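Novice: Would you be able to build a 3D model of this:
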Amino acid sequence: MKRLILVLMLLSLLPGLLGCESVLDGEVSVIQPYAVGNSQPAMDYPEETLILNTDDEFRAAVENMIANGEASAAFRIPLSEDMENRETELEEYCQSIALSSPLGSYAVYYITCKLTPIVSYYTCNVTITYKRSTESLQNITRISSARFFESRLLSALSGYEDSLTFQTSVDSLTTDYIISEIERLSQEHPLMIVMPPDAGITNYPSSTGTRITEIDFQWSYTRLVLSDMQNRLLNNVDDIISRSEDTGDYGLLTSFYGAFQNITLLQEPINPLSNTAYGVLVGKAGTSLGFALGFKALCDRLGMDCKIIDGWLDGKEHYWNLVNCDGSWYHIDSSENTADILLFGDNSMQGRYFWATEEYPSCPTDYSPRLNSQSDFVLPEE
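Specialist: Below you'll find the model as predicted:
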């Protein structure tokens with residue numbers, strides 16, 4: 001009896017030693033134990049797999065791909081009754097993103113979407129073909145206010161950048177506003193922006209609502225040449241200031257005014273430099289705008305308050321300056337020989353000059369003392 005029991009025990013251990021065998025209705029199945037190098041590979045599940053349950057989630061995921069510059073990605077989405085129709089719907093969403101979203105219309109040529117059924121879900125493979133580099137996407141600035149835009153635009157202009165691209169929903173940042181800001185900042189900062197660029201402006205997908213705006217600056221010279229011009233302008237400005245013997249407001253303004261009397265006034269610009277401080281102070285010829293910018297450059301260098309007036313003289317467009325001398329504002333026109341009086345009040349200017357008085361500080365009176373003779377100040381030779 002004991003021998004029979006021992007034999008039965010040994011038989012029961014054989015399946016564990018040779019593998020696991022089970023007998024069911026005459027069929028035998030063998031389950032081999034796992035071992036490295038087993039001919040049956042382990043199931044390879046993708047790491048991707050962000051699960052998107054709604055169309056809004058799908059749209060957000062694709063837009064996030066664009067923001068990160070990703071060329072392809074795979075997602076899981078729920079099964080539908082008609083895979084072909086569902087794939088068409090998702091393709092339409094992709095097309096809408098490429099054409100109608102700010103990032104899509106700016107950066108993407110087209111987006112494709114392919115569904116593959118996997119038991120209880122679809123794998124959705126999205127592929128994006130770009131028309132912009134990853135670097136250009138990373139350089140998009142988010143603009144939340146007009147003031148922040150002004151700061152970023154000034155940085156781009158003073159750095160002679162090729163372009164400025166930003167995303168915004170600020171309604172006031174229209175194409176006309178941007179053009180006017182380029183002009184205004186160039187006039188307010190003649191030492192920082194040696195000459196203004198032309199600008200091409202494109203909005204994606206449109207000029208209203210949330211959009212991406214691209215400003216393409218078209219400079220007349222290379223960045224290296226513009227930087228060299230800026231240094232030459234600063235050197236001439238410093239040389240003129242160093243020749244001023246009187247350090248009081250009126251003495252400095254008198255000296256500055258004299259520096260312009262040997263510069264040729266042009267009625268019309270003959271090249272892009274004619275309307276710049278550089279053209280006047282370095283090239284020694286320019287329009288009234290160039291004169292006004294040159295005078296402001298001198299004042300800015302010393303921190304003296306100075307503005308440029310865009311008005312009319314004898315019925316023709318003309319530029320001149322407002323300066324703050326000893327705490328009061330006065331008109332000064334460095335392109336005109338006004339040897340009798342240097343700094344004018346509003347009343348003395350009216351008649352020949354016309355300007356939008358409400359846009360500028362009032363100038364109650366002329367300044368005394370009078371100039372008794374023409375300055376013999378001469379610009380330094382190049």
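Novice: quick one: low-confidence parts of this protein?
Specialist: Scanning the chain for pLDDT under 70 picks out 1-48, 338-340, 369-382.
Novice: Please parse it into its domains.
Specialist: Segmentation of the chain into domains, based on automatic domain parsing, reads 50-134, 139-219, 225-359.
Novice: and those, which is most packed in?
Specialist: Across these, averaging neighbours per residue (mean count of other Cβ atoms under 10 Å) puts domain 225-359 on top, at a mean of 18. In short, each C-beta sits where N, CA and C put it, glycine included.
Novice: in its sheet, what does the helix or strand harbouring Val323 sit against?
Specialist: Here Val323, judged by DSSP states H and E, is contained in strand 316-325. Strand pairing for strand 316-325, determined by DSSP bridges: strand 306-313 (antiparallel), strand 328-332 (antiparallel).
Novice: the strands in the stretch 51-200 of the chain, which residues?
Specialist: Per DSSP state E, counting those that start in this stretch, the stretch 51-200 of the chain carries strands over the ranges 72-78, 108-118, 121-130, 141-143, 163-168, 198-204.
Novice: Which one of these lies nearest to Asn53?
Specialist: strand 72-78 (6.3 Å; Cβ to Cβ).
Novice: packing partners for the closest one?
Specialist: Other helices and strands packing on strand 72-78, by 3 or more Cβ pairs under 8 Å, 6 or more residues apart in numbering; DSSP states H and E, are strand 50-51, helix 55-68, strand 121-130.
Novice: Dump the ones you listed to CSV, plus distance to Cys94.
Specialist: Rendered in CSV, the data for the helices and strands packed on strand 72-78 read as follows (distance: least, Cβ to Cβ, whole Å):
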stretch, distance to Cys94
strand 50-51, 16
helix 55-68, 6
strand 121-130, 7
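Novice: closest to Tyr106 out of those?
Specialist: Checked against Cβ to Cβ, the stretch from these lying closest is helix 55-68, at 8.9 Å.
Novice: hang on, the earlier thing: okay if I get the strands of the stretch 51-200 of the chain as CSV plus distance to Asp216?
Specialist: Putting the strands of the stretch 51-200 of the chain into CSV (distance: least, Cβ to Cβ, whole Å) gives the following:
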stretch, distance to Asp216
strand 72-78, 30
strand 108-118, 19
strand 121-130, 19
strand 141-143, 15
strand 163-168, 5
strand 198-204, 4
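Novice: re earlier: want to throw the domains of the chain into TSV with distance to Ser368?
Specialist: TSV is the format used below for these (distance: least, Cβ to Cβ, whole Å):
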stretch	distance to Ser368
domain 50-134	59
domain 139-219	29
domain 225-359	9
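Novice: The ones you listed: which one's closest to Asp366?
Specialist: Shortest separation from Asp366 across the domains of the chain is recorded for domain 225-359, at 4.9 Å, computed as Cβ to Cβ.
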